[in-house]
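1. return atomic coordinates for the entry below.
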Amino acid sequence: MFTNMIAIVFLSFLAGIIGITAFVTIYYAIETRRQGFKIFWEKLEYFSSIVSIEKDKITFHPRGRDATDGLLPCVGLIGRDGSILIGGPPYQENGIITREIVSKNGSLGQGARIRTSLFIYETNPKIDLGLDYTDVSFDSELGTLTGWHIPNNSNNWVIGVHGHRSYRTESMRFVSTFRKSGLNVLLSDYRNDQNAPLDKGGYHMFGLTEWRDLESAVKFCQEKGAEKIFLMGHSMGGAIVVKYLLESSLKSLINGAILESPALNLNKIISMKAAEIPLLPRGAEYPVKKLVSWMVKLNWENLNYLSRSDELTTPILLIHSESDVTVPVSLSDQLAENRSDIVTYLRLKKAHHAAAWNTNKEIVESSMEAFLNKNISSTDD
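-> Numbering: from 1, shown residues only. This next block holds a predicted model:
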C-alpha cells in the first residue's frame, strides 16, 4: 500500500512537471509568434511633454523610453503639430532634460505632448527636409505597392528598406547623405505594411517572402532609367536585402548594399532572447521554436542567411554596434569574417539597435558617402 502511494505521488508530480513544461512551451511559443511574426501596428503615444521652449533650447519632461533616447547625441522630438531635431550635450535635473534645438518644423510649444524618435523625420520629405518628392506606385507579387521618390539629377538610385513593424521614414535620416552622392531616393513599402497588400500567411517573414517586393522596387527603378542601384536595409530590412541578393535574378543590378544591424540569423536572435528570460531552462527554446515553426509555417534554417554568405557577390557596407541588445553584433562579426573580400565593416560601441546615425552621425555619414562614391566610380571604369 505504501509503495503504491509513493508511485501515485511520483506520477502526480511527474504529470505536474509535464503539464507545467507544456504550458511554458505553448506560452512562449505564442509570445514569440506575437512579438516576432504577428502583423500589428503599435499605436503612437505621446507620453512626454515640453516644459519650455526657446529659440535654440528646449526643456522637456521625458517618460518611459524617452528618458534614455532623449539623451542620444541626435534624436527627434515628435508631436502632433510638429517635430524638433535636438542635439548637443544634454543637461538633466530632477528628471527634466534640456537640449539644443538643431532644427524645428511645425508649431510645438510649451505643454505640447511629444515622444522621441530615432527616425528624426516622420512626416514626408517636403515638410521635414524641404525636398520635393513624388508619390509613386508599382506592381508587386501581391498587388500595388507605394512609395516616395526624391529625385536627383542622375541615373543612380538607392532604395531604403525599413525594419520590423516600421515605416518608409526610417531611411529619411540618410537622405542628405544619399543626395551628396547624387542618388535618386526611393522609400517604399513592402507586404504587410499599413498601406500595402497583406499576404495570406499574415506574418512578417524576415525576408523569406518580402524580398520579392524589393525585387519589384528594383524593377521600378530600372524602368525609370536607373543605371546604378544601391540598397539600404535596417534590421529586418537588412535580412530582406540579403535574401534578395541571394535569390533574385536581378541581383546583378545592385552595385552596393548598406546593412544596418541586419537580422542575419533569426535562430541566434531567438536563442539570445530566450537566455534573457528568468527561470527558462537552457534548451527550452528548442521546443518553443519547433512549435513556432509549425504555427508560422517556416523552416528556421531558411532564416540563417549567414550559412549562405559564400554566395554573396555584392559589395556591402556593414554597420553594427556591440551595444545592440536586439540583434547580436556577433552575427555581423561572422559575416565580416566570412566575406572580408566584399564587406566593409563599421563596428561601433555604444549605438542602440538600428540607431548608429543617432550616436555616431559623422562617422556613419562619412563611411556611407565613401562606400557609395567608391562603388559609383568603380562601375564607371
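
2. surely residue 234 meets residue 172?
-> No. Contact status for residue 234 versus residue 172: not in contact, 11.4 Å apart, counting by C-beta atoms under 8 Å. Just so you know, the C-beta spots here come from the backbone N, C-alpha and C atoms, and that holds for glycine as well.

3. between those two, who's got more neighbours?
-> The residue with more neighbours, out of residue 234 and residue 172, is residue 234; 29 against 25, by other C-beta atoms under 10 Å.

4. what is the neighbour count of the residue lying closest to that one once chain neighbours are set aside?
-> Once flanking residues are discounted, residue 234 sits nearest to residue 163: 4.2 Å by C-beta to C-beta, 6 or more residues apart in numbering. By other C-beta under 10 Å, 25 other residues sit near residue 163.

5. likewise residue 40?
-> Residue 40: 8 neighbours (other C-beta under 10 Å).

6. distance check, it against residue 165.
-> Look at residue 40 and residue 165: by C-beta to C-beta, to the nearest Å, they are 7 Å apart.

7. now do residue 263
-> If you measure residue 263 against residue 165 using C-beta to C-beta, the figure is 13 Å.

8. likewise for residue 226?
-> The span separating residue 226 from residue 165 equals 29 Å under the rule C-beta to C-beta.

9. among the two, which residue is more densely surrounded?
-> residue 226 (23 against 16).

10. isn't the residue nearest to residue 234 up against residue 170?
-> Yes. Between residue 163 and residue 170 there is a contact under C-beta under 8 Å: 6.2 Å.

11. overlap in contacts of those two?
-> Common neighbours of residue 163 and residue 170 (criterion: C-beta atoms under 8 Å, 6 or more residues apart in numbering): 234, 237, 354.

12. now, which of these sits nearest residue 218?
-> residue 237 (14.2 Å; C-beta to C-beta).

13. for the closest one, which three-state class applies?
-> helix (DSSP: H, G, I helix; E, B strand; the rest coil).

14. residue 55 versus that one, what's the distance?
-> Counting by C-beta to C-beta, the gap from residue 237 to residue 55 is 37 Å.

15. more neighbours: those two, which one.
-> Taking other C-beta under 10 Å, residue 237 and residue 55 do not tie; residue 237 has more neighbours (31 against 6).

16. identify the residue nearest the more buried one in space, chain neighbours excluded?
-> Spatially, and ignoring its direct neighbours in sequence, residue 237 is nearest to residue 161 (3.7 Å; C-beta to C-beta, 6+ apart).

17. residue boundaries of the strands in the stretch 251-381 of the chain?
-> Taking DSSP state E, counting those that start in this stretch as the criterion, the stretch 251-381 of the chain carries its strands at 254-260, 316-321, 343-348.

18. can I get these in TSV with mean pLDDT?
-> TSV is the format used below for these (pLDDT from 0 to 100):
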stretch	mean pLDDT
strand 254-260	98
strand 316-321	98
strand 343-348	98
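
19. what's the closest of those to residue 271?
-> strand 316-321 (17.8 Å).

20. paired strands for the closest one, with orientation please.
-> strand 254-260 (parallel), strand 343-348 (parallel) (DSSP bridges).

21. contacts for the longest one, please.
-> Spelled out, that is strand 254-260. Looking at strand 254-260 with C-beta under 8 Å, 6+ apart, the contacting residues turn out to be 218, 228-235, 238, 241-242, 244-245, 314-320, 332, 354, 356, 368, 371-372, 375-376, 379.

22. in PyMOL, how would I select the buried members of the residues you listed?
-> Command for PyMOL that selects the buried part of the contacts of strand 254-260, burial taken from 16 or more other C-beta atoms under 10 Å:
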select buried, resi 218+228+229+230+231+232+233+234+235+238+241+242+244+245+314+315+316+317+318+319+320+332+354+356+368+371+372+375+376
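
23. please, where are all the helices along the stretch 201-350 of the chain?
-> Under the criterion DSSP state H, counting those that start in this stretch, helices of the stretch 201-350 of the chain are mapped to 211-223, 236-247, 266-275, 285-296, 329-338.

24. I'd like those as TSV, with mean pLDDT appended.
-> Output for the helices of the stretch 201-350 of the chain, formatted as TSV (pLDDT from 0 to 100):
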stretch	mean pLDDT
helix 211-223	98
helix 236-247	98
helix 266-275	76
helix 285-296	79
helix 329-338	98
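
25. point out the most buried one among the ones you listed.
-> Across the helices of the stretch 201-350 of the chain, averaging neighbours per residue (mean count of other C-beta atoms under 10 Å) puts helix 236-247 on top, at a mean of 26.
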